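J.: A structural model of the following input is requested.
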Amino acid sequence: MDIRKFYEGNEFEAYEYLGAHLSGEGTVFRTYAPNASKVAVIGDFSDWKELTMNAAEDGRFFELVVSGAKDGMRYKYRIYDKKGGFIDHCDPYGFGMELRPGTCSVIRDISGFEFHDSEWLHERSVCLDRALNIYEVHLGSWKKKADDSWFSYAEIADELVGYVSEMGYNYIELMPVSEHPCDESWGYQITGFFAPTSRYGTPRELMELVDKLHMAGIGVIVDFVPVHFAVDHYGLTEYDGTKLYEYPSDDIGYNEWGSRNFNHSKGEVRSFIQSAADYWLSVYHFDGLRMDAVRNMIYWNGDERRGENKNAIEFLKSMNSGLKARHSTAIIAAEDSSAYPRVTAPVFAGGLGFDYKWDLGWMHDTLEYFQSAPMYRTRDYHKLTFSMLYFYNERFIMPLSHDEVVHGKATVAQKMNGQYQVKFPQARALYMYMIAHPGKKLNFMGSEFAQLREWDEKRQQDWDMLKYPLHDSFCEYVKKLNAVYLEYKALHYDYDSTNFEWSDCNAAERCVYAIRRKAAEGDILAVFNFSDWFQFGYSVRIGAEYKAELLLDSDDQLYSGSTPHGSTKFSCANGSISMDIPPFSGRMFLLAK
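T.: Have a look, this model is predicted:
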């Protein structure tokens, strides 16, 4: 580690120096505690008696080699403040932690795992002109064992790989796997930024999971939290007896989630955060980071009225530039609810340097539209066209994430207006609209089979729902829709403005829309009827030189619709395609010359 870069906030590999590192002599413990009067390490290897650490480097670091400290042993740092009091802390750079409610760090060997993904890493890209279909997963509640305990990273690997591949997702996004004390935080209140949560096993087992996904051609993005950390005093809070990682003032030191905000103006804090980001990409071979709550870095506590946080903005630029220099094909995505400009523009062009931004505006408008009664959809018609007025301002991911299926919001399928029977056709049409709309895709686990119970981190998904035809056929429909998305390149060129056109966005009284996506290999036309009545004799121009082939009808009886399989009717004449469209349905066509 370069100490000068560490203080300047330009170090990306601080984890190679700090933390607990196994060596031939035992384990080398190092920690940064510039305001401590004394630091000792305690652990299984010392019968929890203090082993005083020596001042190192410029006196602000402390280190000790302990010959009896081995892989799997627990430890903490006992840090004395200037008044002689002490608190026992887990290691900020520790590579492992014990299972909650335990709070100790655990010595872990993160070297020596043999990855088999060199071909994957060589071919990997940020998918700007490729399909990016993301399945968002919370590992603890995707599936559980019969006794309601968690599967380990290694135990769940084969089943997760097989399922994701079969369903037609080519990336997964893991909700935070950094260690956290409270299950209900879902991993967003972190105490171990370099420690994979012990809920699901060891670092090597997590590496095995990532490796197996790569071998199956599936990328892995992980949620990363650069904004805040848990308030627990055994963690980063007042680490050396002072507010080392947090702001000195509580007015900006706490946020809406009750956690501590990182002080992004301090070089050592910047080096800590970006080293953690590099760590997951370098050591675990993750293919990208979804950075949580970016709005709260752009504006003080996310409040635009309080103004921009200039230091945090500059940090984002510096971190993203550094990460892209080290991992050019890794995806860096922002979960940002602000309208701050140029989030996905390169830093050298005045942007923040993200590859993608979640389109939360599209998500809100779309779900509100489908929650409204059909009688109001003529009034709300342009809620679904508004997104394309700003779409090319950024590179967007279209998310239907975990945030939309909790806290009384209902699941995606349950949000659909009306009684049980009409929710399913609307949800099928919604997902076809999502696939047809420009932007990369993200869908939360359980939504692919129209789960009707809100997500609960304590329970596995309701897999037994697949024994019911409505849910099983919905799952088959999403599988087919995903296959269409992966196959046809017209659906991949999202950020080329010549790729998209509204073939019809002026049929408000009918609640009919037509989207066309263009490519040399063939165009995709998607036609939707979001009203609750049949639309007879609907016609849209496609060009005299084109012929139409039906790829998917959301109303097909295969998917519990009302149209007998193979009997969907349409005609092409005089450069137009004409059809009768059932209520709450969508049809997708391939147009070829």
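
J.: correct me, but residue 225 touches residue 294?
T.: No. Judged on C-beta atoms under 8 Å, residue 225 makes no contact with residue 294 at a distance of 10.7 Å. Every residue, glycine included, has its C-beta placed from N, CA and C.

J.: Looking at these two, which is more packed in?
T.: Comparing residue 225 with residue 294 by other C-beta atoms under 10 Å, the one with more neighbours is residue 294, at 27 against 24.

J.: Send me the helix or strand hosting residue 323 as PDB with only the CA atoms.
T.: Of the helices and strands defined by DSSP states H and E, residue 323 is found in helix 310-326. Taking C-alpha atoms only, helix 310-326 is exported to PDB below (Å, rounded to 0.1, in the frame of the first residue of the first chain):
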ATOM      1  CA  LYS A 310     -19.100  18.600  -3.600                       C
ATOM      2  CA  ASN A 311     -16.600  16.300  -1.900                       C
ATOM      3  CA  ALA A 312     -18.700  13.300  -2.300                       C
ATOM      4  CA  ILE A 313     -19.400  14.100  -5.900                       C
ATOM      5  CA  GLU A 314     -15.700  14.400  -6.600                       C
ATOM      6  CA  PHE A 315     -15.100  11.200  -4.700                       C
ATOM      7  CA  LEU A 316     -17.600   9.400  -7.000                       C
ATOM      8  CA  LYS A 317     -15.800  10.600 -10.000                       C
ATOM      9  CA  SER A 318     -12.400   9.600  -8.700                       C
ATOM     10  CA  MET A 319     -13.600   6.200  -7.500                       C
ATOM     11  CA  ASN A 320     -15.400   5.400 -10.700                       C
ATOM     12  CA  SER A 321     -12.500   6.500 -12.900                       C
ATOM     13  CA  GLY A 322     -10.100   4.300 -10.800                       C
ATOM     14  CA  LEU A 323     -12.400   1.300 -10.900                       C
ATOM     15  CA  LYS A 324     -12.800   1.500 -14.700                       C
ATOM     16  CA  ALA A 325      -9.100   1.900 -15.200                       C
ATOM     17  CA  ARG A 326      -8.600  -1.400 -13.200                       C
END
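
J.: helices or strands up against it?
T.: With contacts taken as 3 or more C-beta pairs under 8 Å, 6 or more residues apart in numbering; DSSP states H and E, helix 310-326 sits against helix 267-282, helix 295-298, strand 331-334.

J.: swap the cut-off to 10 Å and go again
T.: Helix 310-326 sits against helix 267-282, strand 288-291, helix 295-298, strand 331-334, with contacts defined as 3 or more C-beta pairs under 10 Å, 6 or more residues apart in numbering; DSSP states H and E.

J.: Need the mean per-residue confidence for the second one.
T.: Regarding strand 288-291, the rounded mean pLDDT is 98.

J.: Tell me the strands beside that strand, with direction?
T.: Sheet pairing here is set by DSSP bridges, and for strand 288-291 it gives strand 219-224 (parallel), strand 331-334 (parallel).

J.: Can you tell me which of the ones you listed is nearest to residue 403?
T.: strand 219-224 (11.6 Å; C-beta to C-beta).

J.: so how far is residue 140 from the residue nearest to residue 181 when sequence neighbours are not counted?
T.: In space, and not counting its chain neighbours, residue 181 is closest to residue 100: 5.1 Å by C-beta to C-beta, 6 or more residues apart in numbering. According to C-beta to C-beta, to the nearest Å, residue 100 and residue 140 sit 12 Å apart.
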